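In: sharing a model that was predicted from the sequence below.
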Amino acid sequence: MKRLKNFLFLLAAAPVLAFAAGATVHLDKAPINLSDQESLQRGARMFVNHCLNCHSAGYMRYSRLQDLGLTEDQIKENLLFAAEKPGETMKVGMTKADGKAWFGATPPDLSVISRSRGSDWLYTYLRSFYRDDTRTTGWNNVVFDKVGMPHVLWELQGEMVPVYKKEGEHEVLERLELAKPGSVTLAEYDAMVGDLVNYLEWMGDPAQLQRKQLGIIVLAFLAFFFVVAYYLKKEFWKDIH
């Protein structure tokens, strides 16, 4: 009975604990615009070139990228590196066992990562890596402390280092500072990450834009039909009232 009470208490307190854990890190707003096909195409290119080496997207087929305005030939020539046919899913050659041995944990499938983590979390996370010599990979992350994933985009962003400040007897992370520039400016890197996260948001639910548009059409039809039905009702019942 005591164990049951403890379990029920933890279950009830879980949302509060989750909020307390996430409240310590500020999340930047991701520039999500699913109607921007050029951004989604750039994000798909970023995903295939930088993420698909370790992370799979087992619920997404290459052929679905035609919804972004790409032709089958463009997909084959520019994005089809880990498969032979556009109808195949986005899988990687690395096994789960190898991923766990190399990184300490199996790299997760990214098909619905935006629905799991949230686009703001992903946008902040991918811009919050910093040098940490205590870590095996040489990298750590403000959003995900002691993360096993190395900073695969460091050549683009450059090397960020932490700047600490004193709060009482403890040192806390104040900000990240650019120590070694990358191949692009920080503003350009943020834009590239924004495109990548925009694509991850789309990949998590490719039909959401069409679904929302269809929903607006249905609501507009119901509003119009309500007016028609109202006046029909008045016409049919006018002699009774």
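Out: The structure has been received and is ready for your questions.
In: where along the chain do the helices fall?
Out: Counting by DSSP state H, the chain has helices at residues 2-22, 37-46, 72-78, 96-103, 113-117, 119-125, 154-157, 186-204, 208-236.
In: can you check which of those helices gets nearest to residue 90?
Out: Of all the helices of the chain, it is helix 186-204 that lies closest to residue 90, at 8.9 Å by CB to CB. Just so you know, the C-beta spots here come from the backbone N, C-alpha and C atoms, and that holds for glycine as well.
In: and the angle from that closest one to helix 208-236?
Out: 60 degrees (axes from the mean of the first three to the mean of the last three CA atoms, to 10 degrees).
In: tally of neighbours for residue 76?
Out: Residue 76: 15 surrounding residues under other CB atoms under 10 Å.
In: same check on residue 172?
Out: When neighbours are counted by other CB under 10 Å, residue 172 comes out with 11.
In: for residue 164, find the nearest of the helices of the chain.
Out: helix 119-125 (19.2 Å).
In: any stretches of the chain with poor pLDDT?
Out: Filtered on pLDDT under 70, the chain yields the residue ranges 1-23, 241.
In: residues near residue 138, how many?
Out: A count of nearby residues for residue 138, using other CB under 10 Å, gives 13.
In: let me fix that, I meant to ask about residue 124.
Out: A count of neighbours around residue 124, defined by other CB under 10 Å, yields 22.
In: pretty sure it sits against residue 117.
Out: No - using CB atoms under 8 Å as the test, residue 124 is too far from residue 117 to be in contact (10.0 Å).
In: neighbours around the residue nearest to residue 35 when sequence neighbours are not counted, how many?
Out: Nearest non-adjacent residue to residue 35, counting by CB to CB, 6 or more residues apart in numbering: residue 209, 6.6 Å away. The number of residues packed near residue 209 is 13, by other CB under 10 Å.
In: how far away is residue 209 from residue 202?
Out: 8 Å (CB to CB, to the nearest Å).
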